[in-house]
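Colleague: whatever this is, show me its structure:
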Amino acid sequence: MKENKVKFTKMHGAGNDYIYVNTLLYNIPDPVSTAIEWSKPHFGIGSDGLVLIGASDTPDADYSMHIF
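Modeller: The predicted structure follows:
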């Protein structure tokens, strides 16, 4: 059985905490469901949401950021 592992960073400030994932390294196919599961306080990582950092579609930005 293969384990799926995703390295993440959990950051907090101003009373909020978020899970950050580099989508250049890890594919998150269903970010809405992932955010809900990972954010659960006693059953997941526990956070206010999920932030995905990835490639930008526009030439004016180096990276994109999507918050769930």
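Colleague: where does this protein have low pLDDT?
Modeller: Across the chain, residues meeting the criterion (pLDDT under 70) sit at 1-3.
Colleague: where exactly do the strands run in it?
Modeller: With DSSP state E, the ranges of strands along the chain come out as 9-13, 16-22, 49-55, 63-67.
Colleague: distance check, Asp17 against Gly54.
Modeller: 21 Å (C-beta to C-beta, to the nearest Å). C-betas here are computed from N, CA, C, even on glycine.
Colleague: hang on, the earlier thing: in TSV: the strands of the chain, plus mean neighbour count.
Modeller: TSV is the format used below for the strands of the chain (neighbours: other C-beta atoms under 10 Å):
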stretch	mean neighbour count
strand 9-13	10
strand 16-22	17
strand 49-55	17
strand 63-67	12
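Colleague: ok, which of those comes nearest Pro41?
Modeller: strand 16-22 (10.9 Å; C-beta to C-beta).
Colleague: which residues sit against the closest one?
Modeller: By C-beta atoms under 8 Å, 6 or more residues apart in numbering, the surrounding residues in contact with strand 16-22 are 6-12, 28, 35, 38-39, 45-54, 67.
Colleague: now with 10 Å?
Modeller: 6-12, 27-28, 31, 34-35, 38-39, 44-54, 63, 65, 67-68 (C-beta atoms under 10 Å, 6 or more residues apart in numbering).
Colleague: that one to strand 63-67, inter-axis angle?
Modeller: 140 degrees (axes from the mean of the first three to the mean of the last three C-alpha atoms, to 10 degrees).
Colleague: quick one: strands adjacent to strand 16-22?
Modeller: strand 9-13 (antiparallel), strand 49-55 (parallel) (DSSP bridges).
Colleague: alpha carbons only: can I get the longest one in CSV?
Modeller: These are the backbone C-alpha positions of strand 49-55, laid out as CSV (Å, rounded to 0.1, in the frame of the first residue of the first chain):
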residue,chain,number,x,y,z
GLY,A,49,-8.0,27.1,5.7
LEU,A,50,-5.7,25.9,3.0
VAL,A,51,-3.4,28.1,0.9
LEU,A,52,-2.1,26.6,-2.4
ILE,A,53,1.0,28.2,-3.9
GLY,A,54,1.7,27.4,-7.5
ALA,A,55,2.6,28.6,-11.0
